[in-house]
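[1] Quick one, structure for this:
(2 chains)
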Amino acid sequence: MIGKRNLKKITDYVLTKSSADQTEVLLSASNFGLTRFAQNRIHQNLVRETSGLSIRVVLGKRIGVASTNNLVKKALEQTLAKAIKIAQNQRPDPDFGSLPEKTKYTQVKAFCQATADFSPRQRAKRVAEVIKQAKSRKMAAFGALSNGVTELAVANSLGVWAWFPSTQADFSVTIRRDEASGHGSDLGLAVERLGIEAETKKAIRAAQKGKEPRRISPGEYEVVLAPAAVNQMLIYLAYLGFGARAYHEDRSFLSAKLGEKVLDEKITLIDDPLDPQGLPIPFDLEGAAKKRLVLVEKGIARRIVYDSYLAGKYGQKNTGHGLPAPNTLDALATHLHLEPARKKSSFSGQEGGGLKNSWPSSDERILISGVKKGLYVSRFWYVNAHHHKTLTITGLTRDGTFKIKDGRIASPVFNLRFTQSIPEALSQVLGIGTRAKVLESWLGANRVPALRLGKFNFTGVSRL
Amino acid sequence: MRTLVDLALDNFRLKKVAYADIRFVEEESEGISTRNGVVEDLTASHSRGFGVRVLINGAWGYAASNQLSSKSVEQTIIKAIKVAQASGLILSKKVRLAPVEVIKNGRYQTPFAKDPFAIPLSVKVKLLLRADKAMKQTKKIMVAQAFYRAYRMKKIFASTEGTRTDQEILETGAGISSLAADGHEVQNRSYPNSFRGLFQTRGWELVEEADLVGEAPRVAEEAVALLTAKQCPAGRFDLILDGPQLALQVHESCGHPTELDRVLGFEASYAGTSFMELDGLGKLRYGSDKVNIVADSTAPLGLGTFGWDDEGVPAQKDYLVKNGLHVGYLTSRETAPIIGKTSNGTMRADGWENLPLIRMTNVNLEPGEWDLKELIADTREGILMSTNKAWSIDDRRINFQFGCEAGWEIKNGRKGQLLKNPSYTGITPQFWRSCDAVCNDKYWKIWGTPNCGKGEPSQVMHVSHGVSPARFRKVKTGVMKE
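    Okay, here's the model as predicted:
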């Protein structure tokens, strides 16, 4: 780690040297290690130390950005000079207001020393346990275990100074036997708290149940989607739905619909970057404070998200959803939390049997128990948007798709392609799980429960 | 930099590693993008660092740092050795490397006419703003955008086997796009390609030849016309794909599934595996006899064009599919011996911080004999689709679905009305077996794909696909609802 004091020295040096009207310094430094395994052996294994510094300067309303990963004084001066030269060659942007003002941040903790110190040898030992489990069942394990520490700092000439150290550990595993596969994953601040054993067992169980899949006809099915599948829809809602730019340019499914019912009344979506159970972060990448924001409340669209530029352009308040400058995409909700059901059976049927089994989860089993005929989907793969405004996405199921018959998991089926509008799918919610799983999002983590949906449109089968 | 290379090689000898290499990379890039007359992105970036790869007792270790000092080189080598020792804790089979010719002092540079970094910023900004303005024809153009990006990479590679290469790669790209909206429908049209345009290993001359300003009105008009165009029909039609779309089709359905590391399960938990399994090599009827696909890192202008890959293996041309038969894979020194071959040079790393993986180079569909006009005239009931909008393919690369920006009906040999939301779906080998015509070299062009993702941690690679338009019979289209 470079440390708060040293990072502050670097940002102060740039700010002191800058002759621009406004100057911003975004600085990150990280140490990261990752062990990949395949066919029950480690095949890729690495550690790396990286840093990056980006300088945004403002001359009137002209903006220039330059970046480097060299943090010595000479390189800082050269990068600053380059940013100023770029700004001098820029055209004024009439919509630019100002860099964010100095503000207070909510204190959150996201650092675990054990995660920062976790060695390649420790990772190998944990991976060895996973492989042992797979081998004992004559199965093959594939996946990755990683840990890292990142320091993020933002400073600007208006007094912003924000520094945040965080750790993150990620585990993913795919267990395969013949054509069947199961998948598990977990992430968090603390590597020792990762559910490595539980997720491996879950993947093994799914692979065992997935033996000899059959073909079913594409069409509309009632579905129970595991949290990993639901998360893909949240990722696309964040990417194409909640950003202010898409909203104001009439490209979002929410455009001109704030205050209206856009999803099922059972859906409440919150951007919650301070949630200690996710991967919390107190500020965005412009140094604006983050806070909890209700985006959809009981199906009604309440808010969209802004960064400093879009807030100025559209006369709204910055919600702290900025990306590194220049952000040519949109403001981005990075920590979506789909509120789980409060009681186990509030929106679903009676509890199913066999709750002690790790797969499907007890939550998912409750949802499955209410389905007479449908499909259970473990996760989605290679999702992409066919139509941005209707948020029609396509993708495939992966690592375990099963028929549901009379409230129970029945036979496995081949992976299916779907083509489905997300708002349409989320307008027919028959049940929500009671537990939210922490899953990766664009730049943070979402918290996502399982869902039972009335209709989901499958348009193809993945089979030679 | 050379002193550090020598220091690293001395350290490798002292540590008595079986094999090691070091790769120093310096990257410089510059990007401009405009949006509705405003230059919203004008940036320059610079990054440098090095990565060390060691093989100890048949197990790999990789470490990387951006601290360019003697101390850092020594420490990073020690880290890589520790990582390799950790890998060795779970070793079912020792890695063995295929032999490669030693290159003592290799030098390579991609050719260009005009260095884009030397063109004044004001000239570049002015050109993009003119193109941006030329698209703002009507109020229905909600967003007009123009893009330019240049990228230069200098790379030094040295291995304990004695290979030492020095390369410089220059890439330039540019494009425009118009987004039209009328309150109900939203449609986009791009030129020369979607996702920021055409990218090649060339200089500023690429931007000048693209004539962004001249093409801008047509692009805007097509975006507006798409708002009221007929929906692409659902059914089975003869499908003609233009170059940009066919390039991505090759990328997803031939490039990725022929990566031998995927076939061997190295990516099974993340990017997936492949239906092009080892027992199908030389036997699998991948496509019709019109289909010839090569991996060619010697092809001019490609983003996968270089002198040597990141294992020091020389650039080369190797068939993946010949006359429709699956005959080859993209390989590395570790994987090639499994199919009884030496590496065909496709190990590439994203920057200095990532370890090399098997990546596409220039995976090209060789030209056929048809003239595009004659091909359209030869099509009774079909759809011509242009420029990618969305793509998706399963983890074994079997079932794909693509959305394009624009389509046109073909009826009785004539190109007819515009179609919005064109999309098609299929099963990879069935689709390629239905290919009955590939256009000739007059239409053949190499299209850059500068955003190919793979690996954990995620790496982005710049690859290319040379293609000319081709026809596929009875393809399922129109998978979007009205």
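
[2] Pick out the residue in the stretch 201-350 of chain A sitting closest to chain B.
    Going by CB to the nearest CB, chain B is nearest to A:Pro326 of the stretch 201-350 of chain A, at 4.2 Å. Heads up, the C-betas are built off the backbone N, CA and C, glycines and all.

[3] how about the helix or strand that contains A:Arg36 as PDB, C-alpha atoms only?
    Element membership of A:Arg36 [criterion: DSSP states H and E] is strand A:22-38. Extracted in PDB, the C-alpha atoms of strand A:22-38 (Å, rounded to 0.1, in the frame of the first residue of the first chain):
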ATOM      1  CA  GLN A  22     -10.100  23.900 -11.600                       C
ATOM      2  CA  THR A  23      -8.100  20.700 -11.200                       C
ATOM      3  CA  GLU A  24      -9.000  17.200 -10.200                       C
ATOM      4  CA  VAL A  25      -6.700  14.300  -9.400                       C
ATOM      5  CA  LEU A  26      -8.000  10.700  -9.400                       C
ATOM      6  CA  LEU A  27      -5.500   8.200  -8.000                       C
ATOM      7  CA  SER A  28      -5.600   4.500  -7.400                       C
ATOM      8  CA  ALA A  29      -3.100   1.900  -6.300                       C
ATOM      9  CA  SER A  30      -3.600  -1.800  -5.900                       C
ATOM     10  CA  ASN A  31      -2.000  -5.100  -5.100                       C
ATOM     11  CA  PHE A  32      -3.800  -8.000  -6.500                       C
ATOM     12  CA  GLY A  33      -3.400 -11.800  -6.700                       C
ATOM     13  CA  LEU A  34      -5.400 -14.400  -8.500                       C
ATOM     14  CA  THR A  35      -5.200 -18.200  -8.800                       C
ATOM     15  CA  ARG A  36      -7.000 -19.900 -11.600                       C
ATOM     16  CA  PHE A  37      -7.600 -23.600 -11.700                       C
ATOM     17  CA  ALA A  38      -8.900 -25.900 -14.400                       C
END
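
[4] For the stretch 251-400 of chain A, give me the ranges with low pLDDT.
    A:343-357 (pLDDT under 70).

[5] again, only using 80
    Flagging of the stretch 251-400 of chain A using pLDDT under 80 yields the residue ranges A:343-358.

[6] can you tell me which residues contact the residue of the stretch 151-300 of chain A found nearest chain B?
    At 4.0 Å from chain B, A:Thr174 is the closest residue in the stretch 151-300 of chain A, using CB to the nearest CB. By CB atoms under 8 Å, 6 or more residues apart in numbering or on different chains, the contact set of A:Thr174 is A:141-143, A:181-183, A:203, A:399, B:268-269.

[7] Now the two most distant members of those.
    A:Ala141 and A:Asp399 (13.0 Å; CB to CB).

[8] Chain A: helices as residue ranges?
    A:4-17, A:73-88, A:113-117, A:120-136, A:196-209, A:227-240, A:244-248, A:308-313, A:362-369, A:422-425 (DSSP state H).

[9] between these, which gets nearest to B:Gly368?
    Taking the helices of chain A one by one with CB to CB, helix A:227-240 is closest: 38.1 Å.

[10] any bit of that closest one sitting next to chain B?
    No - between helix A:227-240 and chain B, judged by CB under 8 Å from any CB of the partner chain, nothing touches; the nearest distance is 10.7 Å.

[11] hmm, back to that, residue contacts, the residue of the stretch 201-350 of chain A closest to chain B?
    Contacts of A:Pro326 by CB under 8 Å, 6+ apart are A:56, A:63, A:65, B:40-43.

[12] which one among those residues gets closest to B:Asn440?
    Taking CB to CB as the measure, B:Asn440 lies nearest B:Asp41 of the contacts of A:Pro326, at 38.6 Å.

[13] Can you check the pLDDT for that closest one?
    If you check B:Asp41, the pLDDT there is 93.

[14] so it is in which element?
    According to DSSP H and E, B:Asp41 maps onto strand B:38-56.

[15] packing partners for the helix or strand following that strand?
    Next helix or strand after strand B:38-56 toward the C-terminus (DSSP H and E): strand B:59-65. When contacts are defined as 3 or more CB pairs under 8 Å, 6 or more residues apart in numbering or on different chains; DSSP states H and E, strand B:59-65 sits against strand A:41-59, strand B:38-56, helix B:70-87.

[16] Of those, which is nearest B:Phe306?
    Nearest to B:Phe306, of the helices and strands packed on strand B:59-65 and by CB to CB, is strand B:38-56 at 16.7 Å.
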